[in-house]
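A structural model of the following input is requested.
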Amino acid sequence: MATDAQTSGTVAEKFVERLGRQDPDGIQELFAEEIDWHVPGSDALPWTGRRTRREEVAPYFTTMWPHFAHGRSKVVLERFIVDGGDVVLLAVFTHTVAASGKEFTTPVAMHLAVEDNRIVRMHLYEDTLTVAEAFDVG
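Residues are numbered from 1 along each chain as shown. Model (predicted):
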């Protein structure tokens, strides 16, 4: 069933709001049971890779967030594009690696697909080399 842009936008806004609150369980509940999730990156970074089930969403965040210095991340959302069931978020992320204090910035595009009021796809596109180098795994 096709999802209208208003519904998709509302679901994506909830995603962004819960992301900003660092609410992994709240984010997870926005996803369908079966998902297409892809965050490319180095195998040395335990949060990267593919996920296919809703219950894998919260552990992504609870695994990743401790690697960033608390209170030192910045997200600048530049564009929010909605077309039917597709939502593209264009942003710039700046994070500080907790272990080293090294700060890095990467442009980001995130593609969310919404069906039946649930996110069924989340693909993240970022400068994976910059991220890997920040964690000295590049």
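
can you pull out the strands in this structure?
31-39, 49-53, 74-83, 86-96, 103-115, 118-126 (DSSP state E).

Output those strands as a markdown table; include the columns mean neighbour count, mean pLDDT and distance to P24.
No exception for glycine: its C-beta is placed from N, CA and C like everyone else's. Output for these, formatted as a markdown table (neighbours: other Cβ atoms under 10 Å; pLDDT from 0 to 100; distance: least, Cβ to Cβ, whole Å):
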| stretch | mean neighbour count | mean pLDDT | distance to P24 |
| --- | --- | --- | --- |
| strand 31-39 | 17 | 98 | 11 |
| strand 49-53 | 13 | 98 | 13 |
| strand 74-83 | 13 | 95 | 16 |
| strand 86-96 | 18 | 97 | 17 |
| strand 103-115 | 17 | 97 | 16 |
| strand 118-126 | 19 | 98 | 13 |
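
Could you give the bridge partners of the residue positioned nearest the centre of the chain?
The chain has L124 as the residue nearest its centroid, 6.1 Å off, counting by Cα atoms, centre = their mean. Beta-bridge partners for L124, by DSSP bridges, are M110.

show me the contacts for it.
38-40, 108-110 (Cβ atoms under 8 Å, 6 or more residues apart in numbering).

how close does it sit to M110?
From L124 across to M110, the span is 5 Å (Cβ to Cβ, to the nearest Å).

swap in A134?
19 Å.

Kindly report the same for L90.
8 Å.

Ok, N117 next?
In this view, N117 and M110 are 19 Å apart by Cβ to Cβ.
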